[in-house]
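**Student:** turn this into a structure:
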Amino acid sequence: MKNIVKSRTIGSPASDNINRELYILSLSRFFEDMGTGMLVTLIPLYIVDLHTSILPDMPLILKAGIVMTVFGLFNAIAQPIMGKLSDKLDRRKPFIIFGLVGYTVLSLMYAYVTSYEQLLVLRIMQGITVGATIPAIIAMVTHLSTPATRGKAVGIYSTIRGLGFGLGPVIGGAVATYYSFNTAFYLCAAFGLVSFILVNLLVKETHSTCIEKVVAEDVENGKGSILVLAGAMFMMMVGIMMIVALLPEYEIRLGASEFSLGVALSAYMLARLIFQAPIGALSDRIGRKKLIVGGLILSAPLVIGTGYVTSVEQLILLRALQGFTIAAIDTPVIALAGDLSGGSMVGSKLSMITTAYAGGMAIGPIFGGLLAGYVTFETPFYACAVLMVIAAVIVWKKVDEPMHQNGIADFECGEIG
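**Tutor:** Here you go, the predicted structure:
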């Protein structure tokens, strides 16, 4: 039974504070996120010198797309399963520990692969282990926040982990350029080990002890709204990740090095992290839907522009601008989905959003690789821009923000016994 401890208005001063455990969780994941960012640059470029017996005449950009797609695909498959299991067990930390152990071991094994097929198997396994952590982490962030602070909390978490992910491509590209790919993989494994130690020692388990009082209409609307938001998140990630499969082509077209391409990838993440916390806090005050729609519409022309760059400097600039528009999408999306969950079964409900995120990561590279490899280089950029605009229209028409937005609802906190 549930013993109600107290009920208070979300907008009260006491509820506006950010739980310090959120900072501990975010900092503990920082190093693994840095290693993950390194792999985004390293893997597509690493396959250039790997032997393959499967369709040896396949375009290089399609090979790069496939190797990134299998990671995202199995990441997406694992997330809803792990999200439901974590809700059933009411445990999140073990899933994070499992994922970090898998990430560390598999990153080390990349240094010993001798074929493209072996690399594909490792990417599948790593997709599953990383997928185990994501619903658990997002559930923890939701548990550590309230509707009045959720946008800010998501922004803070995303900014801290985004700093690691954003620095990763630069570090990975530099280490691969000036040392070797194997050295870079060893460094990825070392970062994973550091995060494992920090999470194991510092991060405390969280439990869903607060049930927000969401009116029945919000609960009903929330079912469809979360699906629509998942679709918007999917399209956002397709537009961002398809460029990964095109890195070998950019390397040739722009005469770019691994390091400069790493800078281009990092420009997006570093610009994004600057705006995530402010945009998250803004969404707490003015609402989340208008920011999501605006971010999708502004992203469309920027995506098209990346198909026409003639220098690596232009690519870096456009990716930085994308970082701003994407911050206006993903932070409010996660916060709004958390609002619509009503505080119950958070892992399974938010896994719809994180699965869409992973699905976009999976489809983006192969989407870009297929269209650029077999149609024209510019085709995937136009296709993705059109889909982003369509997603913006659907979000505007179909998503309803809950009535408790902007601090006018109550929630109940209790002990489960």
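**Student:** in this protein, which spans are helices?
**Tutor:** With DSSP state H applied, the chain shows helices at 20-46, 60-89, 93-109, 116-143, 150-178, 181-202, 216-245, 247-253, 258-286, 289-305, 312-341, 346-374, 379-398, listed in chain order.
**Student:** and the third one, what's buried?
**Tutor:** Spelled out, that is helix 93-109. 93, 95-100, 102-109 (16 or more other CB atoms under 10 Å). All C-beta spots, glycine's among them, are computed from the backbone N, C-alpha and C.
**Student:** pick the one among those residues closest to Gly151.
**Tutor:** Closest approach to Gly151 among the buried residues of helix 93-109 (CB to CB): Ile96, at 23.0 Å.
**Student:** tell me if I'm right that the closest one and Ala136 touch.
**Tutor:** Yes: the pair Ile96 and Ala136 qualifies as a contact (CB atoms under 8 Å) at a distance of 5.4 Å.
**Student:** so what's Leu163 up against?
**Tutor:** Listed by CB atoms under 8 Å, 6 or more residues apart in numbering, the contact partners of Leu163 are 30, 269-270, 273.
**Student:** least confident of the residues you listed?
**Tutor:** Of all those, Met269 carries the smallest pLDDT score, 75.
**Student:** run a quick neighbour tally on the residue lying closest to it once chain neighbours are set aside.
**Tutor:** In space, and not counting its chain neighbours, Met269 is closest to Gly166: 2.9 Å by CB to CB, 6 or more residues apart in numbering. By other CB atoms under 10 Å, 24 other residues sit near Gly166.
**Student:** how far away is Gly166 from Ile240?
**Tutor:** 13 Å (CB to CB, to the nearest Å).
**Student:** okay, and the common contacts of the two?
**Tutor:** Tyr268.
**Student:** quick check, pLDDT for the spatially most central residue of the chain.
**Tutor:** With distances taken as CA atoms, centre = their mean, the residue of the chain nearest its centroid is Tyr357 (5.8 Å). Confidence at Tyr357, expressed as pLDDT, is 80.
**Student:** lowest average confidence, helix or strand, in the protein?
**Tutor:** strand 2-9 (a mean of 35; mean pLDDT, DSSP states H and E).
**Student:** could I get the buried residue list for stretch 373-384?
**Tutor:** For stretch 373-384, using 16+ other CB under 10 Å, the buried residues are 373, 377, 379-381, 383-384.
**Student:** so for that stretch, mean pLDDT?
**Tutor:** For stretch 373-384, the per-residue pLDDT averages 90.
**Student:** nearest to Ile286 among the buried residues of helix 93-109?
**Tutor:** Ile96 (32.8 Å).
**Student:** enumerate every residue touching the closest one.
**Tutor:** Per CB under 8 Å, 6+ apart, neighbours of Ile96: 29, 132-133, 136-137, 199, 203.
**Student:** turn these into TSV, including neighbour count.
**Tutor:** Listed next are the contacts of Ile96 as TSV, based on neighbours: other CB atoms under 10 Å:
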residue	neighbour count
Arg29	24
Ala132	25
Thr133	27
Ala136	27
Ile137	24
Val199	21
Val203	22
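**Student:** most widely separated two among the residues you listed?
**Tutor:** Spanning the widest gap among these are Ala132 and Val203, at 15.1 Å by CB to CB.
**Student:** just checking, Arg123 touches Ile43?
**Tutor:** Yes: applying CB under 8 Å, one finds Arg123 in contact with Ile43, separated by 7.2 Å.
**Student:** okay, and the common contacts of these two?
**Tutor:** Any residue near both Arg123 and Ile43 by CB under 8 Å, 6+ apart counts here, and that gives 67-68.
**Student:** quick one: low-confidence ranges for the stretch 51-200 of the chain?
**Tutor:** In the predicted model, the stretch 51-200 of the chain carries pLDDT under 70 at residues 55.
**Student:** hmm, try it at 90
**Tutor:** Counting by pLDDT under 90, the ranges of the stretch 51-200 of the chain that qualify are 51-93, 114-117, 127, 130-174, 176-178, 198-200.
**Student:** so who does the spatially closest residue to Glu378 that is not a sequence neighbour touch?
**Tutor:** Once flanking residues are discounted, Glu378 sits nearest to Gly307: 4.2 Å by CB to CB, 6+ apart. Contacts for Gly307 (CB under 8 Å, 6+ apart) come out as 377-378, 380-382.
**Student:** pick the one among those closest to Ala189.
**Tutor:** Nearest to Ala189 among the contacts of Gly307, counting by CB to CB, is Pro380 at 32.7 Å.
**Student:** next, the residue nearest to Glu378: phi, psi?
**Tutor:** phi -80, psi -10 (degrees, to the nearest 10).
**Student:** could you check how far it is from Phe381?
**Tutor:** According to CB to CB, Gly307 stands 4 Å off from Phe381.
**Student:** returning to that earlier point: quick check, nearest of the contacts of Leu163 to Thr331?
**Tutor:** Using CB to CB, the contacts of Leu163 come closest to Thr331 at Leu273, 10.4 Å.
**Student:** that closest one and Ile156 touch, don't they?
**Tutor:** No: counting by CB under 8 Å, Leu273 sits too far from Ile156 to count as a contact (10.3 Å).
**Student:** can you count the residues close to the nearest residue to Met140 once chain neighbours are set aside?
**Tutor:** Spatial nearest neighbour of Met140, chain neighbours left out: Thr206 (4.8 Å); criterion: CB to CB, 6+ apart. Per other CB under 10 Å, the neighbour tally for Thr206 reads 22.
**Student:** contacting residues around Thr206?
**Tutor:** Taking CB under 8 Å, 6+ apart, we find Thr206 in contact with 21, 92, 139-140, 143-144.
**Student:** what about Tyr179, how many residues nearby?
**Tutor:** That count, for Tyr179 with other CB under 10 Å as the rule, works out to 12.
**Student:** what's the distance between it and Phe259?
**Tutor:** Per CB to CB, Tyr179 is found 12 Å from Phe259.
**Student:** equivalent analysis for Lys88, please.
**Tutor:** To Phe259, Lys88 is 46 Å away according to CB to CB.
**Student:** between those two, point out the one with more neighbours.
**Tutor:** Neighbours per residue, other CB under 10 Å: of Lys88 and Phe259, the larger number sits with Phe259, 19 against 11.
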